[in-house]
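**Q** 3D model of this:
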Amino acid sequence: MNYPQIPMYINGEFIHLNRDSREILNPATNECIGVMPCATQSDLDLALESAQEAFESWKDSSPLLRSDILRKFAQLARERSEEIGRWITLDQGKPLQEAIGEVKVCAEHAEWHAEECRRIYGRVIPSRRSDVEQIVIREPIGVCLAFSPWNFPFNQAIRKISAAIAAGCSIIIKGSSDTPSAVVAIAQMFHEVGLPKGVLNMVWGDSDFISEYLIKSPIIKKVSFTGSTPIGKKLAALASLHMKQCTMELGGHAPVIICDDANIDKAVEALVGYKFRNAGQVCISPTRFYVQENVYHEVVQKITQRTQKIRVGNGLDSQSQMGPLAQTRRISAMLKIVEDAKQKGAKIQTGGDVIDGKGNYFMPTVISDLTNEMDFMNDEPFGPIIGLVPFKTVDDVLLEANRLPFGLASYAFTQSLENSHKISRGLEAGMVSINHIGLALAETPFGGIKDSGFGSEGGIESFDGYLNTKFITKMN
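**A** Numbering: from 1, shown residues only. Okay, here's the model as predicted:
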């Protein structure tokens, strides 16, 4: 199967010693493909100690050195993208080309931070007195703690690691126990390109134990988490008790607004392809499709027809356009959503059931005529289900789109300048994409508002959570 051994990485060493372990499953077959070690308290203490020791020198390192290391990493990631992508497909399930693309795109994130770390500027504030100098400088915040999710195991980890390293911080990362290979590959490549020991540390194991133990440590100064809203709130509350800086990228349930003046064919092609990427297991996946009444039936028909063409299968099969869900529990979650919609009067246009055989396969699904009483309209499905609802006016649909406490990504399609302006200003979300899919680029901020979290990863905003602002005033 060509799946790597999963170690921990602490103080510049890969640790393969005996530990309690858990199995890693291939979601395409539910067969065991490897084991993952679980960190002990001693492992966590060593990671804290090494990260703190490394920070004392790394914080004063030249931005040119940090830039060089990140560039070398990016080059190595591109060279190894096919091998790493195969590992991701094996433990996460997404089609191989998607997995390879994830690694290649992430090379851009490393390169972007390599450039921007050379431009972490302070400023001079004109003084009220001639013998006083006033300056503002930005300093690395300290040792960071990061938790990355299973759906984009390379992408979400490298965003956090690149920002920390570029800012002059050290970092301890705990990746998903379901999909560890990507984070292992990241650690291996940084090790090879000469990142000083202790700047990056990687641990695995029980999330509750690791998060509580490390967040309480006075060594940790910043917490970055990507995952569900309930867990994010729990970690943010724990961090706030100890006055730790946080970046939280949480749940979505993104609304889509399709106006009757939109280019329907263009909208359908863009949205359906994006929706079923990674089997819909994407925090910014378009989910609640609000379609203006005049074109509602046309859009339902075209989305259904386009969805029915999607080929589902093992991600290693070059013909597969959608792989399995990452965990068996996701199947029961999809079935529950579909059954609730059916019982309350919605129409299943296509899909809505499991695909027979081994693995966690679920049919690409389209549900129409949903109402706000249905589970789908209130709880993020995080799977391959599109839900369609008609609307009358733009004012009406903005109220519906903003009804939920989430505010991560949102989408709209219209050829009206008036509609575009009203929708882009009216949507309560951290990111709005009009007439195309234009999110999650290295140079653009990525983050949400409301229950979808706070802080950004990407764009110049990405450094805000990794730097302290210090004001210095001197009298000559």
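
**Q** The stretch 101-250 of the chain: helices as residue ranges?
**A** Along the stretch 101-250 of the chain, the segments classed as helices by DSSP state H, counting those that start in this stretch run 153-167, 181-192, 207-216, 229-241.

**Q** what's the closest of those helices to Tyr296?
**A** helix 229-241 (30.2 Å; Cβ to Cβ). C-beta coordinates here come from the backbone N, C-alpha and C atoms, glycine included.

**Q** Now do that closest one: everything it contacts.
**A** 147, 211-212, 215-216, 223, 225, 245-246, 248-251, 406, 451-453 (Cβ atoms under 8 Å, 6 or more residues apart in numbering).

**Q** among those, which ones are buried?
**A** Buried members of the contacts of helix 229-241, counted by 16 or more other Cβ atoms under 10 Å: 147, 211, 215, 223, 225, 245-246, 248-251, 406, 451-453.

**Q** Spell out which two among those are the most distant pair, please.
**A** Ile215 and Phe406 (24.3 Å).

**Q** coming back round to it: ranking the helices of the stretch 101-250 of the chain by burial, who's on top?
**A** Stretch with highest mean neighbour count among the helices of the stretch 101-250 of the chain: helix 153-167 (a mean of 29; mean count of other Cβ atoms under 10 Å).

**Q** Which single one of the buried ones among the contacts of helix 229-241 is nearest to Asp379?
**A** Nearest to Asp379 among those, with distances taken as Cβ to Cβ, is Gly251, at 9.1 Å.

**Q** Could you find the closest non-adjacent residue to the closest one?
**A** Thr229 (4.3 Å; Cβ to Cβ, 6 or more residues apart in numbering).

**Q** cool, and Glu400?
**A** Tyr290 (6.2 Å).

**Q** Could you say which helix or strand holds the one you found?
**A** If you go by DSSP states H and E, Tyr290 is part of strand 286-292.

**Q** Direction included, what does that strand pair up with?
**A** Strands that pair with strand 286-292, judged by DSSP bridges, come out as strand 254-258 (parallel), strand 385-391 (parallel).

**Q** Would you mind giving those as JSON lines with mean pLDDT and mean neighbour count added?
**A** Compiled in JSON lines, the strands paired with strand 286-292 are given as follows (pLDDT from 0 to 100; neighbours: other Cβ atoms under 10 Å):
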{"stretch": "strand 254-258", "mean pLDDT": "98", "mean neighbour count": "27"}
{"stretch": "strand 385-391", "mean pLDDT": "98", "mean neighbour count": "23"}
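
**Q** separation between the nearest residue to Asp131 once chain neighbours are set aside and Ile135?
**A** Counting by Cβ to Cβ, 6+ apart, Asp131 lies nearest to Asn476, which is 4.6 Å off, once chain neighbours are set aside. Asn476 is 13 Å from Ile135, where distance means Cβ to Cβ, to the nearest Å.

**Q** out of these two, which sits in the busier spot?
**A** Each of Asn476 and Ile135 had its neighbours counted (other Cβ atoms under 10 Å), and the higher figure belongs to Ile135 (14 against 7).

**Q** Kindly state the beta-bridge partners for that one.
**A** Bridge pairing for Ile135 - DSSP bridges - gives Val124, Ile472.

**Q** mind listing what the residue nearest to Asp178 when sequence neighbours are not counted touches?
**A** Counting by Cβ to Cβ, 6+ apart, Trp150 is the residue found nearest to Asp178 once chain neighbours are left out, at 4.4 Å. Going by Cβ under 8 Å, 6+ apart, Trp150 touches 92, 176, 178-179, 326-327.

**Q** Gln292 now?
**A** 258-260, 390-392, 397.

**Q** any idea how far the nearest residue to it once chain neighbours are set aside lies from Gln349?
**A** Leaving out its chain neighbours, the residue that sits closest to Gln292 by Cβ to Cβ, 6+ apart is Asp260, at 4.1 Å. Distance of Asp260 to Gln349, computed by Cβ to Cβ: 20 Å.

**Q** do Gln41 as well
**A** Taking Cβ to Cβ, one finds Gln41 at 52 Å from Gln349.

**Q** How about Ala326?
**A** 25 Å.

**Q** of these two, who's got more company?
**A** Ala326 (26 against 20).

**Q** mean confidence for stretch 42-57?
**A** Computed over stretch 42-57, the mean pLDDT rounds to 98.

**Q** same question but for stretch 330-342, I mixed them up
**A** 98.

**Q** buried stuff in it?
**A** Here stretch 330-342 shows 330-331, 333-334, 337-338, 341 as buried, counting by 16+ other Cβ under 10 Å.

**Q** Stretch 32-42 now?
**A** Buried-residue list, stretch 32-42, by 16+ other Cβ under 10 Å: 33-34, 36-39.

**Q** and what of stretch 262-272?
**A** Applying 16+ other Cβ under 10 Å to stretch 262-272 flags 262, 264, 267-268, 270-272 as buried.

**Q** now, which of those residues lie within helices?
**A** Assignment to helices by DSSP state H places the following of those there: 264, 267-268, 270-272.

**Q** Quick one: neighbours of Asp369, just the number.
**A** Neighbour tally, Asp369, other Cβ under 10 Å: 17.

**Q** again, but for Gly168
**A** 24.

**Q** Measure how buried the closest residue to Ala114 other than its chain neighbours is and give me the count.
**A** Excluding its sequence neighbours, the residue lying closest to Ala114 (Cβ to Cβ, 6+ apart) is Leu70, at 3.7 Å. Using other Cβ under 10 Å, the number of residues around Leu70 comes to 28.

**Q** Would you agree Leu70 is in contact with Arg118?
**A** No - look at Leu70 against Arg118 with Cβ atoms under 8 Å: they stay out of range, at 10.6 Å.

**Q** hang on, the earlier thing: please report how far the residue nearest to Asp178 lies from Arg86.
**A** From Trp150 to Arg86 the distance is 17 Å (Cβ to Cβ).

**Q** For Glu98, give its distance to Leu316.
**A** 12 Å.

**Q** One more: Ser61?
**A** Taking Cβ to Cβ, one finds Ser61 at 41 Å from Leu316.

**Q** before we move on, what about Lys197?
**A** 35 Å.

**Q** Now stretch 101-111 - C-alpha only, PDB.
**A** Written as PDB, here are the backbone C-alpha positions of stretch 101-111 (Å, rounded to 0.1, in the frame of the first residue of the first chain):
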ATOM      1  CA  GLY A 101      -3.400  19.300  -6.000                       C
ATOM      2  CA  GLU A 102      -3.800  20.000  -2.300                       C
ATOM      3  CA  VAL A 103       0.000  19.400  -1.800                       C
ATOM      4  CA  LYS A 104       0.900  21.600  -4.800                       C
ATOM      5  CA  VAL A 105      -1.300  24.400  -3.700                       C
ATOM      6  CA  CYS A 106       0.200  24.300  -0.300                       C
ATOM      7  CA  ALA A 107       3.600  24.900  -1.700                       C
ATOM      8  CA  GLU A 108       2.200  28.300  -2.600                       C
ATOM      9  CA  HIS A 109       1.300  29.000   1.000                       C
ATOM     10  CA  ALA A 110       4.900  28.300   2.100                       C
ATOM     11  CA  GLU A 111       6.200  30.500  -0.600                       C
END
